[in-house]
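1. I would like the atomic coordinates for the input below:
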Amino acid sequence: MTQLDTDVLIIGAGLSGIGAAVHLKKQCPGKTYRIYEAREAIGGTWDLFRYPGIRSDSDMHTLGFNFKPWTEAKAIADGPSIRKYVNDTADEYGIRPNIRFNTKIVAADWSDADQLWRVTSEDVKTGEQSVTKARFLFMCGGYYRYDQGYRPEFPNEAAYQGKIVHPQHWPEDLDYSGKKVVVIGSGATAMTLVPAMTDKAAHVTMLQRSPTYVVSRPAVDGLANFLRSVLPDQWAYTMIRWRNVLFQQFFFRQTRKNPQKARERLLGMVREELGPDYDVEKHFTPTYNPWEQRLCLVPDADLFTALKSGKASVETDHIERFTEKGILLKSGKELEADIIVTATGLNLVFMNGVNVTMDGVKVDPGRLLNYKGVMLSNVPNLAVTFGYTNASWTLKADLTSEYVCRLLSLMDEKGATSAMPYLAAFPNETEPFVDFSSGYFQRVMDQFPRQHTEAPWKLHQNYFTDRKNLRELPIEDGVMKFHVPAAAGAAKPVMQAAE
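-> Predicted coordinates:
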């Protein structure tokens, strides 16, 4: 049998990848692993994004790992604090020596004969390629392209005399002191940038085509800090984590159950913040129901404070074209700007943009079914971490890692060299991977796997359901098939795809 270079190859050294490595060390201590990271630092998203005010829009008691308490005072943390948390975790558990930085995975081919993945990686500095033989491939590199954010072309852009910046590629030397800034967008990034840039800018305008639901909550969790002062860190962390998970799930269910009531409540809170004279109907009332797109969290009402101070404003309109001095709107109004920030979103990508094949045949995720939100139909020894859209990413990442560890342990018990969710025939009726109307999802849903209406091919987007499915239910469910070399002559399922 071909010699392995490592048992498990993990893509990405961000929250998901570092968490996966720790779970492996804790639950599968006999397994070897490597982490390949295309950048030269740990942290993923939290090392890549360096724009002013960069922060989480989830509380750190749920965005943090289940095994490592968050002990900082602020529960809604800034980017540098999260980056330090991920780095501290890597060092505490001895993960860093197993990371190969500046190493981008470009292709992975499953060999059925050898029962392993041949993974082609590239040194991003030299371009030199090499092949790593791994039994299991664990994709933990997130869901968007790191090299390029989503950036539409605007009419007459070349005429603009100022500077255009995308938040994903923020220049270190950008000086916006005393400048007029227009931020195009209405998502979490825009709502972070607008109040953060008012510290130096002459004025910041958030230009949006349509509004987003916005909710404010305190950056500091008083109860969490109190409990940590009287209880061991892990006890306090676990208690607050459960409180927040229960609240998140309750709020999401109630929102879906009675969207009109949730809508009225969310808009009512905005009116309380901005007062009766502000045009909440125009600037903060979306056309869709809550949680059809992700809600935007603003800590300590910082966005509303900036708007009330006059240092920032919102324009809800469409762009007619760029001008020499700024942006001409459809209404005829011109917004002058020294700097335009295109907070226009992300370019999503599934399986980290890796060209995945099986014995040379390309794997097209759009023609496969999701399995438990972790694996793909008829693809052996491959797992993909994809967090929640309606809760904190790491809640699902932790469960995914735990499931992979359970699967690896069961494979060892059986003497199996591979395991895959077997689908005999692709169903006629399927649904998109995620029921989410945000443009950055809709643009690429054909590149993501499909889901069915029934388990185990359904993506639940529910922590408690996933907790039961991934942590408690037997892995041997009649769907998961194992290849055991000793079972000579045993029939092996072959890859099935949609017609």
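2. And stretch 132-149, what's buried?
-> If you call a residue buried by 16 or more other CB atoms under 10 Å, then stretch 132-149 has these buried ones: 132-146, 149. Just so you know, the C-beta spots here come from the backbone N, C-alpha and C atoms, and that holds for glycine as well.
3. Please read the previous query as pertaining to stretch 472-485.
-> Buried residues in stretch 472-485, counted by 16+ other CB under 10 Å: 475, 479-483.
4. same deal with stretch 188-199?
-> In stretch 188-199, counting by 16+ other CB under 10 Å, buried: 188-198.
5. Out of the residues you listed, list just those in helices.
-> With helices defined by DSSP state H, the entries of those inside them are 188-197.
6. want to try TSV for those residues, with distance to N428 and pLDDT as columns?
-> Putting those into TSV (distance: CB to CB, whole Å; pLDDT from 0 to 100) gives the following:
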residue	distance to N428	pLDDT
A188	37	91
T189	39	94
A190	41	95
M191	42	95
T192	43	96
L193	45	97
V194	47	97
P195	49	97
A196	49	97
M197	51	97
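7. Dump these into TSV; add distance to G366 as well.
-> Conversion of these to TSV gives the following (distance: CB to CB, whole Å):
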residue	distance to G366
A188	27
T189	27
A190	30
M191	32
T192	32
L193	33
V194	36
P195	39
A196	38
M197	39
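8. Among those residues, which one lies nearest to V270?
-> Within those, proximity to V270 (CB to CB) peaks at M191, which comes in at 12.2 Å.
9. residues touching the closest one, list them.
-> M191 makes contacts with 206, 212, 214, 296, 298, 303, as judged by CB atoms under 8 Å, 6 or more residues apart in numbering.
10. if you set the cut-off to 6 Å instead, what comes out?
-> The neighbourhood of M191, defined by CB atoms under 6 Å, 6 or more residues apart in numbering, consists of 296, 298, 303.
11. Tell me which other helices or strands the helix or strand containing the last one touches.
-> Which is L303. In the assignment (DSSP states H and E), L303 maps to helix 302-309. Here helix 302-309 touches helix 188-197, going by 3 or more CB pairs under 6 Å, 6 or more residues apart in numbering; DSSP states H and E.
12. quick revisit: for the contacts of M191, which one is nearest D279?
-> L303 (15.3 Å).
13. quick one: low-confidence parts of the stretch 301-450 of the chain?
-> Within the stretch 301-450 of the chain, the segments meeting pLDDT under 70 span 435-441.
14. ok, now with 90
-> Scanning the stretch 301-450 of the chain for pLDDT under 90 picks out the ranges 345-350, 352-353, 366, 387-391, 425-450.
15. need the strands for it, in chain order.
-> For the stretch 301-450 of the chain, the strands defined by DSSP state E, counting those that start in this stretch occupy 312-316, 319-322, 326-329, 334-336, 339-342, 355-358, 361-362, 370-371, 375-376, 382-384, 418-421.
16. Go ahead and name everything in contact with the last one.
-> If I follow you right, that is strand 418-421. Strand 418-421 is contacted by residues 115, 371, 375, 377, 380-381, 407, 411, 479-483 when judged by CB under 6 Å, 6+ apart.
17. Switch the buried residues of stretch 472-485 over to CSV; also include secondary structure, pLDDT and distance to A343.
-> As requested, these are exported to CSV (DSSP: H, G, I helix; E, B strand; the rest coil; pLDDT from 0 to 100; distance: CB to CB, whole Å):
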residue, secondary structure, pLDDT, distance to A343
I475, coil, 97, 42
V479, coil, 96, 42
M480, strand, 97, 42
K481, strand, 97, 45
F482, strand, 97, 47
H483, strand, 96, 47
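18. Run through the stretch 1-150 of the chain and note the low-pLDDT ranges.
-> The model of the stretch 1-150 of the chain has pLDDT under 90 over residues 1-3, 57-58, 142-150.
19. ok, which stretches of it are helices?
-> Listed in chain order, the helices of the stretch 1-150 of the chain (DSSP state H, counting those that start in this stretch) span 15-27, 45-48, 60-63, 79-92.
20. who wins for proximity to S392 among the ones you listed?
-> It's helix 60-63; of these, that one is closest to S392 (CB to CB) at 3.8 Å.
21. From the contact counts, what lies against that closest one?
-> Using 3+ CB pairs under 6 Å, 6+ apart as the contact definition, the elements that helix 60-63 packs against are helix 233-257.
22. Which strands or helices does the helix it packs on pack on?
-> Using 3+ CB pairs under 6 Å, 6+ apart: helix 233-257 touches helix 60-63, helix 222-230.
23. now that helix and helix 222-230, what's the angle there?
-> Relative orientation of helix 233-257 versus helix 222-230 (axes from the mean of the first three to the mean of the last three CA atoms, to 10 degrees): 160 degrees.
24. mean confidence score for helix 233-257?
-> Taken as a whole, helix 233-257 has an average pLDDT of 90.
25. list the buried ones in whichever helix or strand comes after it?
-> Counting by DSSP H and E, the next helix or strand C-terminal to helix 233-257 is helix 259-274. Across helix 259-274, burial judged by 16+ other CB under 10 Å covers 262-263, 266-267, 269-270, 273-274.
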